[in-house]
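Novice: Predicted coordinates and the sequence they were generated for:
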Amino acid sequence: MGVSSDLKLSILDLATVWNGESATEALQNSTELAQLADRLGYTRYWFAEHHNSKHQMSTSPDLLAAHVAAVTDTIRIGTGGIMLPNHSPLKVAENFSLLEALHPGRIDLGLGRAPGTDGLTALALRRSRSRTALSGEDFPEQLAELLAYFSKDFPEDHPFKEITVSPDEKLRPDFYMLGSSDGGMRFATHHGLGFVFAAHISPHLAIPVLRSYRERFQPSVFYSEPKSALSIIVITAETEEEARQLAGPAELQWVRWGTGQFKFAPPTLEEANAHVYTPQEEMVREQNKDRFVIGSIKQVEKRLRQLAEEAQVDEIMIPTMLPEKQSRHRSFELLAEAFGLKRR
């Protein structure tokens, strides 16, 4: 499969509280970025799900999706993802039927298998001490139930067969499985769903797993052919030197996560520029290189097209990791120009 010149670009937002902002300011920044992405011609804008975090406001991606969909015009809005073990499949089906009714043809439901938090918080979310609930071992049953609400193919003897999710049975978001291993890919191929691989989490697995998804995909009522994307952190500017400087906070953040330093707030640009890496941190920084695509816009465009070709995808999803609003917006503007996105 070759990648067409019109490679699609999308954004994944963790609603991070940067630079000592208030929670309200962080969410306003997310709103403004989504509106910019809508004007620039990005394909979709997704919110992640994280809990018990002092520096992220992405606890309820469905609520954030509802808000942003209401203040944008044509860009697809969704979740990357709803961590299904934390939720009732019926409630997820109801919420996304409602979103689809409010914004027809614009809603995506990306689904994850992880809790997006620690074990204690998972217990508080799920209100169950059963091993299967806390471990997520019942995810296959949860996913099958959720999809059955939309496909109307519950077994005849299933107790939920007669439950009505919405007065309009045609309301249905686009479905995607998320993954950073081959686990999510197997669910995506088996159920005929779209698939987004988090290369910023497991860069070495991205290409083989995405290729395997395409090879093993089974058509379904949801998709007749495979639909996949690669997610990776992208930081660009007019020059490579500027991009390298702007990437400092993201690189330092990932080094801290990789060395067990979780107490710090997301680093500012000034903090990252002043930071002196220890030998251990420098080693982790080097190991993290493939999580990022950093450089001038020409360098970044070339690398993203190469990755898309190798992974056999026609869409790149970019997590937001730039703390400075002006640089963040400029990075996405440069990408839109380089890839010929159609402004609205």
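Specialist: Everything's here; your move.

Novice: What are the buried residues along stretch 80-96?
Specialist: If you call a residue buried by 16 or more other C-beta atoms under 10 Å, then stretch 80-96 has these buried ones: 80-87, 89, 92-96. C-beta coordinates here come from the backbone N, C-alpha and C atoms, glycine included.

Novice: Would you mind measuring the gap between the ends of it?
Specialist: One end of stretch 80-96 to the other measures 14 Å (C-alpha to C-alpha, to the nearest Å).

Novice: helix or strand right after the least confident helix or strand in the chain by mean pLDDT?
Specialist: Ranking every helix and strand in the chain by mean pLDDT, DSSP states H and E puts helix 131-135 at the bottom, with a mean of 63. Once helix 131-135 ends, the next helix or strand along the chain (criterion: DSSP states H and E) is helix 139-151.

Novice: and that next one, average pLDDT?
Specialist: Averaged over helix 139-151, pLDDT sits at 96.

Novice: and it, what other elements does it pack with?
Specialist: helix 89-102, helix 182-191 (3 or more C-beta pairs under 8 Å, 6 or more residues apart in numbering; DSSP states H and E).

Novice: Does anything pack onto the shortest one? Which helices or strands?
Specialist: Using 3+ C-beta pairs under 8 Å, 6+ apart as the contact test, the elements touching helix 182-191 are helix 139-151, strand 174-179, strand 194-198, helix 206-216.

Novice: got the buried residues for it?
Specialist: So helix 182-191, judged by 16+ other C-beta under 10 Å, has buried residues D182, G184, M185, R186, F187, A188, T189, H190, H191.

Novice: Just the C-alpha atoms of that helix, please, in CSV.
Specialist: Output of helix 182-191 as CSV, limited to C-alpha atoms (Å, rounded to 0.1, in the frame of the first residue of the first chain):
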residue,chain,number,x,y,z
ASP,A,182,-0.9,-6.3,19.6
GLY,A,183,-3.7,-6.7,22.2
GLY,A,184,-5.9,-3.8,21.0
MET,A,185,-5.1,-4.8,17.4
ARG,A,186,-6.5,-8.3,17.9
PHE,A,187,-9.8,-6.8,19.1
ALA,A,188,-9.9,-4.4,16.2
THR,A,189,-9.3,-7.0,13.6
HIS,A,190,-11.8,-9.5,15.1
HIS,A,191,-14.6,-7.0,15.4
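
Novice: Distance from the chain centre to it, please.
Specialist: Taking C-alpha atoms, centre = their mean, to the nearest Å, one finds helix 182-191 lying 17 Å from the centre of the chain it belongs to.

Novice: so where's the stretch 101-250 of the chain shaky on pLDDT?
Specialist: 127-136 (pLDDT under 70).
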